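Peer 1: No sequence on hand, only this structure:
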């Protein structure tokens, strides 16, 4: 049943077991590690990924006929079923995804990876897959954190990942309209480099920016760290082309239209379930003349969110506005250590644009924050945040190596519900972590009595310690409300990847996250502000869009993908 | 077959044959009338509407059973089949609609008008209509100009208009989130009055504002004259509730979400074909501290649009920015006569907001316009435009009374295509009007030869005259492009409302508009920026959203309205 992956290429230059390039990783700093071990009451334990030769990878099930038909479309070199390609396309980059891979579980790997060169090849690949009854996973940067790349396999002869990495060009620049045309596989840095050559920027910088792709941004309704200034990705899209099993669909003839519903908004957020986005037309802006980032210390999270609301409602937002709560600020994760010892909450403000605008806006924001007792921390705090803005996923890898667990979840709500949303989600996370800890301790105590010594590897500090750190920041601000982004760090329980077991960290996180998701849904927030639905958020989708919303998604999917081959089970719940 | 309407109530205080309240009408000024007659080469002819007793109104075909079932839901007083109610709900307010009514054709009148009190009554009415096989027309302000209120009747036992006029309350104000909750029948002025009591404004002021409703704004993706500052209506909607034959659908839990496609955008622009919008939650803003309107004279339309592009792309737009082309400026329809004699193009700029913002923005705009040779015309020009901002439809009535024809059409495109879009649509309109005139003259000459004197009533000036005036303005400006709004004024040909006849002004306009629509579609613009699809724009919908777009609309409609009772034939093309 399994083939052992004796070797693997570092596909796209990234590590198979985590985030980004190998040389971008550093171990967890010794002082932080000691601090966390003390805080969580756990003893030191290294938890590196298994060796490549220990990975459990199913035998690729693609028939020769299917393989040859795909090769007939894209050329034989562009259908890959080597272990390396398959492992690198196994699931996405959620912590659960990584824990399973690190523990040796590559059971969700596709049977083959197909790399089309253009729109017509995508259409032809879809035809082959429909005929061969193959499920298709559109794949941009592979950075999904919601299970968007691990579709259901039942009822299919196999799973093919459609990697759009070869379709990575900026194909047109309309400088007058400030609109560019991109292929979907273009990734964040390459896109910005190509735009810079024309004097433009998109300004879309989510934490996954180094690896995420334009097609993925569109398919998941991504939102970047500078959304206050540049807008969410969906607001930057003026046109789309998608390849569907039912044919080509092209949308977007004007900045705005009343020609019926805005069908672009049906493709944005469709997560590869309706079609493969093969072209995106985007609004861009001139490269900013001036860029200025700085930090502020505010009295607290309650005061800080009220100030962000004031700025948003007075149309005075900076380009970046990012407020960490007390815990995140104290943890030094809010933009370095500068000023972190002063207590309160850290706010990072960034301004990008014409020099005059930056000066005026900075002064206006400073007036509002200063009047509320905010303490300016200067440019160094801003520079530290900018330096670390894409480091989160690398830090997570270091934490996972050192016996720790780290994951994030996010929501958004209207201002009047935001304090309640914040408190209830935070409390749900803290309570669920405590419950998990109590269960573990009881279990380990029992296990210890039954078979003394077996649990020695990770003996719980009898003195206790906290079950985990729950931190939050606001990073996307609107006149009517804001997003809340929670980070959870704790000790890693049990043995990674052994599902079903109470100590399994994946199962544990699923329970903790379910508690947070219940709190979100009950408080009226959205189950996701910018991570998408995938498979992980599906239990909460019906509460959000209603039975009729689900029925509409199914009807649209059936129209565009009548055989249901596209990302089955992702986004659109399968009929039961 | 017909009942004569012996009397009618002035439903909602408006005239049955045109726009608005009776006392708001004034005849066409004598000097303008003489000027137009000379320009078009027509002799004076009064063309008032027929008398009410001449209206051809079909016998209401609602069965007693249906009528009683509807009365059982809403109460007997709220099912109306008197002639006045039916006539006032006959079609919308396009010029073609008015010409047919004025000529005595009320053949599209519904069989009954039903006025539900709340969401649950709407649901119950839909159930009755599905059972009784009655087509349902959701009706807000009745101001559609695209045939959105005259659905197909074939296959139905009758047509019921669902007038939402009783559901006209502001039901909730969330001052902290700056979000209000409205019922759909709330009209522009009542909405603003209710908001003002809470210190808020919506700032959504389309030309139809005096009579159009919140539900209609949402169903048609309306855009107001101050869209540059306040945003299009769709951008102001944070939540929606609709009653569909399949049940209740409620959407909108956060300012933004990545929980799949934004399904609110599927309801916005659905033109009553998917469901009845029974609740709209809207983003509002504080009532502006300062309001300032003024006029500018710019060198020409080409230079003016380039300046608007610069303002939009530098994020320097005023709240209102409205640029008339040379013809509209010379015709004095661009904000009164002040400065109109100076040639060039009139730009109206309006600023609404905090005093500091108004001052800063005005200065920035003045710098850009002044540097380009713009001549400030001061506050009087602005005041004149403000005074006349809702007068267009009244002026049309006066023109129709005086033997003239007036109608508008609109589109939008990206900046790089806008000059071409403008030139091609304008040229298509001018050429089509000239062709119509030539056909008429040939026909009248022939008719004159055959039966001398019969055409004497409106003898064509042998010297010719222009076939019509074609004017344009830009009123909605975006960083990536803008809208173009064309007004056509000409002499009224033939006898109103006699369809099929070559001289029928409705048929003539249909041909002229088709020429413009072809030009729009071929140049890549949208067939409508803010008037919606209705029935009139349907021939151009497939070119805009593709066969797959139409298939998706059909699938969504079938899911929400399985019996197809909602506005049949409106927006969603019926399967052929």
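Peer 2: Sure, I can see it. This one's a predicted model, so the numbers in the text were calculated from it and none came from an experiment.
Peer 1: all contacts plus neighbour counts: C-alpha atoms, from now on.
Peer 2: Will do.
Peer 1: part of a helix, is residue A:311?
Peer 2: Yes - under DSSP: H, G, I helix; E, B strand; the rest coil, residue A:311 sits within a helix.
Peer 1: I figured residue A:487 hits residue A:468, correct?
Peer 2: No - using CA atoms under 8 Å, residue A:487 is not in contact with residue A:468; the gap is 10.2 Å.
Peer 1: neighbour-wise, which of the two wins?
Peer 2: residue A:468 (24 against 17; other CA atoms under 10 Å in any protein chain shown).
Peer 1: Phi and psi next, for the residue in the stretch 451-576 of chain A positioned nearest to chain B.
Peer 2: In the stretch 451-576 of chain A, no residue comes nearer to chain B than residue A:529, which is 4.2 Å away by CA to the nearest CA. Main-chain torsions, residue A:529, degrees, to the nearest 10: phi -90, psi -30.
Peer 1: contacting residues for it?
Peer 2: Residue A:529 makes contact with A:410-412, A:483, B:256-259 under the criterion CA atoms under 8 Å, 6 or more residues apart in numbering or on different chains.
Peer 1: how about those, which pair is most distant?
Peer 2: Using CA to CA, the contacts of residue A:529 reach their maximum pairwise distance at A:483 and B:259, which is 13.3 Å.
Peer 1: rewinding a little: out of the contacts of residue A:529, which are buried?
Peer 2: A:410-412, A:483, B:256-259 (16 or more other CA atoms under 10 Å in any protein chain shown).
Peer 1: mind checking how far residue A:250 is from residue A:271?
Peer 2: Distance, residue A:250 to residue A:271, by CA to CA, to the nearest Å: 17 Å.
Peer 1: before we move on, back to that, now pLDDT too, for the contacts of residue A:529, in JSON lines please.
Peer 2: Formatted as JSON lines, the contacts of residue A:529 follow (pLDDT from 0 to 100):
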{"residue": "A:410", "pLDDT": "98"}
{"residue": "A:411", "pLDDT": "98"}
{"residue": "A:412", "pLDDT": "98"}
{"residue": "A:483", "pLDDT": "98"}
{"residue": "B:256", "pLDDT": "97"}
{"residue": "B:257", "pLDDT": "98"}
{"residue": "B:258", "pLDDT": "98"}
{"residue": "B:259", "pLDDT": "98"}
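Peer 1: any idea which of these is the one closest to residue A:49?
Peer 2: residue A:410 (27.0 Å).
Peer 1: Which stretches in the stretch 451-576 of chain A count as helices?
Peer 2: A:505-523, A:541-560 (DSSP state H, counting those that start in this stretch).
Peer 1: quick one: pLDDT of the spatially closest residue to residue A:311 that is not a sequence neighbour?
Peer 2: Of all residues not flanking residue A:311 in the chain, residue A:317 sits nearest, at 5.2 Å (CA to CA, 6 or more residues apart in numbering or on different chains). Per-residue confidence (pLDDT) for residue A:317: 98.
Peer 1: Just give me the neighbour total for residue A:317.
Peer 2: Residues near residue A:317, counting by other CA under 10 Å, number 25.
Peer 1: what sits against it?
Peer 2: A:228-229, A:308, A:311, A:361, A:365 are the contacts of residue A:317 under CA under 8 Å, 6+ apart.
Peer 1: need the residues of the stretch 151-300 of chain A near chain B, please.
Peer 2: A:174, A:176-179, A:220-222, A:246-251, A:253-263, A:265-271, A:283, A:285 (CA under 8 Å from any CA of the partner chain).
Peer 1: Return the subset of those residues lying in helices.
Peer 2: A:220, A:265-267 (DSSP state H).
Peer 1: Separate out the buried members of these.
Peer 2: A:220, A:265-267.
Peer 1: Could I get those in JSON lines, plus columns for distance to residue B:351 and pLDDT?
Peer 2: Output for these, formatted as JSON lines (distance: CA to CA, whole Å; pLDDT from 0 to 100):
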{"residue": "A:220", "distance to residue B:351": "37", "pLDDT": "98"}
{"residue": "A:265", "distance to residue B:351": "31", "pLDDT": "98"}
{"residue": "A:266", "distance to residue B:351": "34", "pLDDT": "98"}
{"residue": "A:267", "distance to residue B:351": "36", "pLDDT": "98"}
